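Visitor: Structure for this input, please:
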Amino acid sequence: MGFFAFFGLGGALSPKRIAQASKLACNPFAQPEVRMRELQRLLKDKTFDSIAGAVRRFGANAQGHIADEEEKSWLTEALVDLGQEAKGPLEAYIQSDQKLTYALMAYRRIVGPEAACRFVVQALTAVGPLDHQKIEAKQQLVAALVEDAPQGPVQKALAPFLADHSDDVIWSVLDGVEHSLDAAQGAGQAALDQALLDGLTALLVKDDASARISGRVAHLLARYGAPLNLAGHGLPPSIAEQFFVDAKGIVRARASA
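Guide: Okay, the predicted model is just below:
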């Protein structure tokens, strides 16, 4: 029997009491036992709003790193135990908040990798690369997508974020490209979606890209080894001493690099 199976149908808490309990559960200065008591009270109520009130705990950082991690890990397990009842509140939180790692972990375990991937693609696409407010959320959504070597639709969804204004988000997408290349070793050439390849090409020749981004893009494309359509563009000076493009349009590392 699941941890909360004996709690009954729930729904006893008023909206005001749910708000109070959630505020206490998220209070970084409250005693750990107080926060845990309120989390248990919210989850016991087993309504959408009460579960959502508990899920908000993921967005708060309590004093004391160990206690904070223990409470969030406990909440993750408790939500997984609730199963489908926690699905809606988790989706609402993932679509609106910034600190998503634990929520994404719980969601994936509840719905399975394929359904989780579809939802995360939708959530990431809804945010878009132009959003300047949700850098942390975008990084965590991308990280959730590259947990498995990204293919097909996932790569297409990641491609626009190679033009994100945040280097940290771009770096997370490049982690996904590297993961795909690593997974393909020994199994033939990795397949990069054309939209992703076009985004990498545009980033490669972008003059104002940071040197660390340009260098990593060049390294990944050199590993990929496919001809690029550079349309007459050369490599930026920051990486021209380490890489070149041969007559076939393939990025190569210089012997001295």
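Visitor: going forward, measure contacts and count neighbours with C-alpha atoms only.
Guide: Will do.
Visitor: As PDB, could you dump the C-alpha coordinates of the helix or strand where A143 lies?
Guide: Assessed by DSSP states H and E, A143 sits inside helix 135-145. Output of helix 135-145 as PDB, limited to C-alpha atoms (Å, rounded to 0.1, in the frame of the first residue of the first chain):
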ATOM      1  CA  ILE A 135      17.100  31.300 -17.700                       C
ATOM      2  CA  GLU A 136      17.200  28.900 -14.900                       C
ATOM      3  CA  ALA A 137      14.000  27.200 -15.900                       C
ATOM      4  CA  LYS A 138      15.200  26.900 -19.500                       C
ATOM      5  CA  GLN A 139      18.500  25.300 -18.400                       C
ATOM      6  CA  GLN A 140      16.700  22.700 -16.300                       C
ATOM      7  CA  LEU A 141      14.100  21.900 -19.000                       C
ATOM      8  CA  VAL A 142      16.900  21.400 -21.500                       C
ATOM      9  CA  ALA A 143      18.800  19.300 -19.100                       C
ATOM     10  CA  ALA A 144      15.700  17.100 -18.600                       C
ATOM     11  CA  LEU A 145      15.500  16.600 -22.400                       C
END
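Visitor: Next secondary structure element downstream of it?
Guide: Immediately after helix 135-145, counting by DSSP H and E, sits helix 152-158.
Visitor: Quick one: residues in contact with the next helix or strand after that following helix.
Guide: Next helix or strand after helix 152-158 toward the C-terminus (DSSP H and E): helix 167-184. For helix 167-184, contacts defined as Cα atoms under 8 Å, 6 or more residues apart in numbering pick out 135, 138-139, 142-143, 145-146, 148-151, 158-159, 161-164, 189-190, 213, 216-217, 220, 223-224.
Visitor: Quick check: buried residues in helix 167-184?
Guide: 167, 169-181, 183 (16 or more other Cα atoms under 10 Å).
Visitor: Assign the closest residue to N27 other than its chain neighbours to helix, strand or coil.
Guide: Once flanking residues are discounted, N27 sits nearest to A62: 7.0 Å by Cα to Cα, 6 or more residues apart in numbering. Assigned by DSSP: H, G, I helix; E, B strand; the rest coil, the conformation of A62 is coil.
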